[in-house]
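*Asks:* Attaching a predicted model along with its sequence, questions to come.
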Amino acid sequence: MIETKKIEKEKAILVGLAVRSTRREEVDESLDELSALAVSAGAKVVGRRIQVRPRPNPAFYIGKGVVSELKEMLGDLGGNSIIFDDSLSPAQQRNLEKELDAKVIDRPILILDIFATRARTSASRLQVELAQLEYTLPRLTGAWQHFSRQYGGIGAKGPGETQLEIDRRQVRTKIAHLKKKLVKLGKDRATQRKRRERLFKVALVGYTNAGKSTLFNVLTKANVRTANMLFTTLDSTTRVMSTGYPCQVIFSDTVGFIKKLPHQLVESFKSTLEEVAQADLLLHVADSTDPKLDQHIAQTRKVLSEIGATKVPYIMIYNKIDNADEFHPLNDNGDTSFLVSALAKTGISSLQAEIISRSTKHMVQISSPL
Ligand SMILES: Nc1nc2c(ncn2[C@@H]2O[C@H](COP(=O)(O)OP(=O)(O)OP(=O)(O)O)[C@@H](O)[C@H]2O)c(=O)[nH]1
Ligand SMILES: [Mg+2]
């Protein structure tokens, strides 16, 4: 199972690359998010460096000169690891670790690590472990083991140390075994869903930290954990509500999305996310105070299409309106939208009225003969 290891705090330097048409400010904003991820994973950020370059260097991702510069920065700032805002190839990671003599982490491994720490139920642990193994498989080399053992911490969790010592074939066997378990899990969920067929299924989706769980709690009077942190929720929670609705309505709160979500995670969380694809209505929750609101909405739509949920009707919820001054919804493509504050509980009753009206239509549909 997933192991997590107590370690000395990582002191990390964040690195981003501005390639081709990417503006420096965009990379800077992306590093802000990377910084929040790093902090969520328990690291301390001690510095950042952006390089402008037409394309990544195949051997080191960044230019060789910047590698030397980073080495100096590590010494000056007392850092012990470098976190890259992109996915590194196994070769780039190895070369960088060798040159820098420090731990090299990329965005996918950082996200996987946060997931590993947060996974609570056997289902989410299984899904995270599979994603970690899939990610690790092409990276199984002597060099990686050496550094993972030496530095521990981020990236050394889960199938870290011990499993890195077993050969690729064993990892593949393990992957096959986990996949089988996941198929079983998928079947169990499908049976559960069948039982809920007549209910009106509402799923809350959106970028991480948008306030999905806070809104879920308001709508269902539940008490799931909320926090100003990325990926607080990993497991889906569902609540059936009957009072106030013409038919039973089932709400589900689930994992949030993020830019550059490792595809291994999307793959292995498919059975959890199936609930989203099978829903009758999506509440797409967005943080109206976030300067990158439009990008976050686009990113969420992208993940929704990856999991086959684009055909599910959705309502846009612009949340945290208590903190936004003069907010105007960005989309003019005819989406139904609501401006709410899940925290201050404003705008909730009209949202509930909309859900009730949609569930009434659903009830009429399912009870009328074909
Ligand atoms: N000001 C303000 N803050 C809010 C509102 N809704 C949620 N928050 C805060 O936003 C933070 C994230 O809320 P969550 O409900 O945990 O967000 P989430 O979308 O479930 O996040 P993950 O599960 O991590 O993906 C918390 O600190 C909430 O208190 C709101 O309407 N106004
Ligand atoms: Mg949540």
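*Replies:* That came in fine, so what should we check first? Ligands and ions are numbered 1, 2, ... in the order given.
*Asks:* Residue numbers of the protein in contact with ligand 2?
*Replies:* Counting by Cβ under 5 Å from the ion, the positions of the chain adjacent to ligand 2 are 212, 213, 232, 233. Every C-beta, even on glycine, is put in place using the N, C-alpha and C of the backbone.
*Asks:* Checking the last one next. Helix, strand or coil?
*Replies:* For residue 233, the reduced secondary structure class is coil; criterion used: DSSP: H, G, I helix; E, B strand; the rest coil.
*Asks:* rewinding a little: which one (most neighbours) among the residues of the chain next to ligand 2?
*Replies:* Using other Cβ atoms under 10 Å as the neighbour test, these are led by residue 212, with 29 neighbours.
*Asks:* wait, what's in contact with that residue?
*Replies:* Applying Cβ atoms under 8 Å, 6 or more residues apart in numbering, we find residue 212 in contact with 204, 205, 206, 233, 253, 254, 256, 285.
*Asks:* circling back to that earlier point, any idea which of the residues of the chain next to ligand 2 is closest to residue 169?
*Replies:* Checking those against residue 169 with Cβ to Cβ, the nearest one is residue 233 at 35.6 Å.
*Asks:* Spatially, and excluding backbone neighbours, which residue is closest to the residue of the stretch 51-200 of the chain found nearest ligand 2.
*Replies:* Proximity of the stretch 51-200 of the chain to ligand 2 (Cβ to the ion) peaks at residue 118, 10.4 Å away. Take residue 118 and drop its neighbours on the chain: the residue closest to it by Cβ to Cβ, 6 or more residues apart in numbering is residue 234, 4.9 Å away.
*Asks:* With residue 280 instead?
*Replies:* When the adjacent residues along the chain are set aside, residue 280 lies closest to residue 201, with 4.9 Å between them (Cβ to Cβ, 6+ apart).
*Asks:* ok but that neighbour is inside a strand, no?
*Replies:* Yes. Remark: residue 201 belongs to a strand, assigned using three-state DSSP.
*Asks:* Let me see the ranges of the strands in this protein.
*Replies:* 11-18, 44-52, 81-84, 103-106, 200-206, 237-241, 249-253, 281-287, 314-319, 336-339 (DSSP state E).
*Asks:* and the closest residue to residue 84 other than its chain neighbours, how many neighbours?
*Replies:* Nearest in space to residue 84, with sequence neighbours left out and distances taken as Cβ to Cβ, 6+ apart, is residue 106 at 4.6 Å. Around residue 106 there are 25 other residues, counting by other Cβ under 10 Å.
*Asks:* Was I right to think residue 106 contacts residue 89?
*Replies:* No. If you go by Cβ atoms under 8 Å, residue 106 and residue 89 don't touch, sitting 9.5 Å apart.
*Asks:* Residue 239 pairs with what?
*Replies:* residue 251 (DSSP bridges).
*Asks:* separation between it and residue 250?
*Replies:* Distance from residue 239 to residue 250, counting by Cβ to Cβ, to the nearest Å: 7 Å.
*Asks:* Looking at those two, which one has more neighbours?
*Replies:* residue 250 (20 against 17).
*Asks:* can I assume that one is in contact with residue 240?
*Replies:* Yes. Between residue 250 and residue 240 a contact is recorded at 4.9 Å, counting by Cβ under 8 Å.
*Asks:* Identify the contacts common to these two.
*Replies:* By Cβ under 8 Å, 6+ apart, residue 250 and residue 240 have these common neighbours: residue 199.
*Asks:* What ranges does the stretch 101-250 of the chain have for its helices?
*Replies:* 107-118, 122-136, 142-151, 161-164, 168-195, 212-220 (DSSP state H, counting those that start in this stretch).
*Asks:* Would you reformat those helices as a markdown table and include mean pLDDT?
*Replies:* Below are the helices of the stretch 101-250 of the chain laid out as a markdown table (pLDDT from 0 to 100):
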| stretch | mean pLDDT |
| --- | --- |
| helix 107-118 | 89 |
| helix 122-136 | 88 |
| helix 142-151 | 45 |
| helix 161-164 | 52 |
| helix 168-195 | 87 |
| helix 212-220 | 95 |
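*Asks:* quick one: which of those helices is nearest residue 343?
*Replies:* Taking the helices of the stretch 101-250 of the chain one by one with Cβ to Cβ, helix 212-220 is closest: 6.1 Å.
*Asks:* returning to what we had before: what subset of the residues of the chain next to ligand 2 is also close to ligand 1?
*Replies:* Restricting these to those touching ligand 1 (Cβ under 6 Å from any ligand atom) yields 212, 213, 232, 233.
*Asks:* For those, which two are the farthest from each other?
*Replies:* The span of these, defined through Cβ to Cβ, is set by 212 and 232 at 9.3 Å.
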